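Peer 1: Task: produce atomic coordinates for the following.
(one chain, ligands or ions: 1)
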Amino acid sequence: MIKLSLGDITNSTADVIVNAANSALRGGGGVDGAIHRAAGPIIVEECKAWISKNKELPTGKAMMTSAGKLPHKGIIHTVGPMWEGGVANEDQLLAECYINALHIAFENGFSSIAFPNISTGVYGFPKRDAADVAICTVQNFLGSRKEQMKVSFVCFDDENFEIYKSILGED
Ligand code: AR6
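Peer 2: As a prediction, this is how the structure comes out:
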């Protein structure tokens with residue numbers, strides 16, 4: 001089941017929220033900054049520990065930390081592709097972000113997950129194309145599983161919200 005909302009993902013009531021992080025898991029602006037501010041310094045420590053073992057989180061991959069001070073059951077960090085004009089496999093890498101995050105959510109027995117519009121801020125992915133990839137990937141993934149999962153797309157800007165609304169056919 002897919003849901004759409006407009007707002008700050010840290011206020012989502014999903015079991016787990018997804019962060020649009022960078023490969024160094026160093027925190028940053030945008031949704032990454034908002035999640036780190038709300039979750040607190042525990043997340044920074046968890047990310048540092050993970051990086052010291054694994055070096056980096058490659059584009060398209062995902063890992064999970066606790067949710068720190070947030071009420072969620074975890075935060076899944078994934079790294080979206082930087083837009084390079086469409087010649088660097090960006091669509092596939094973006095799809096992998098959604099698939100890998102969904103895998104982690106299913107593996108952990110969560111029943112709901114909230115996604116931001118990965119890569120559509122600082123990383124410059126065209127919003128309409130990113131929404132097509134996100135929705136198509138999630139629909140295909142959910143269609144291939146027996147178990148249910150409630151997936152929320154949480155848009156922060158009106159432009160993304162309108163795009164998602166038009167693709168999902170909501171008024
Ligand atoms: N809740 C939900 N969505 C948000 C929020 C929020 N609180 N704040 C912003 N967005 P961006 P990226 C939306 O730039 O393009 C970071 O510095 C925003 O409107 O956060 O994947 C990382 O550390 C946009 O639609 O992520 C990386 O270095 C979407 O989140 C880099 O930015 C994604 O914008 C990742 O860039």
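Peer 1: Spell out which parts of the protein neighbour the ligand.
Peer 2: 8-9, 20-22, 28-32, 34, 80, 116-123, 154, 156-157, 160 (Cβ under 6 Å from any ligand atom). The way it works is simple: take the backbone N, C-alpha and C, and place the C-beta from them, glycine included.
Peer 1: how about 8 Å then?
Peer 2: Proximity of the chain to the ligand, by Cβ under 8 Å from any ligand atom, involves residues 7-10, 20-22, 26-35, 79-80, 82, 116-125, 127, 154-157, 160.
Peer 1: Buried among those residues? Make that a PyMOL selection.
Peer 2: Selecting only the buried entries of the residues of the chain next to the ligand in PyMOL, with 16 or more other Cβ atoms under 10 Å as the criterion:
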select buried, resi 9+10+20+21+22+27+28+30+31+32+34+35+79+80+116+117+118+119+120+121+123+125+127+154+155+156+160
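Peer 1: Return the subset of the residues of the chain next to the ligand lying in helices.
Peer 2: G30, V31, D32, G33, A34, I35, K127, N160 (DSSP state H).
Peer 1: what's the closest of those to the ligand?
Peer 2: Using Cβ to the nearest ligand atom, G30 comes nearest to the ligand of these, at 2.1 Å.
Peer 1: In this structure that closest one contacts S119, no?
Peer 2: No: when contacts are counted by Cβ atoms under 8 Å, G30 is not listed as touching S119 (10.4 Å).
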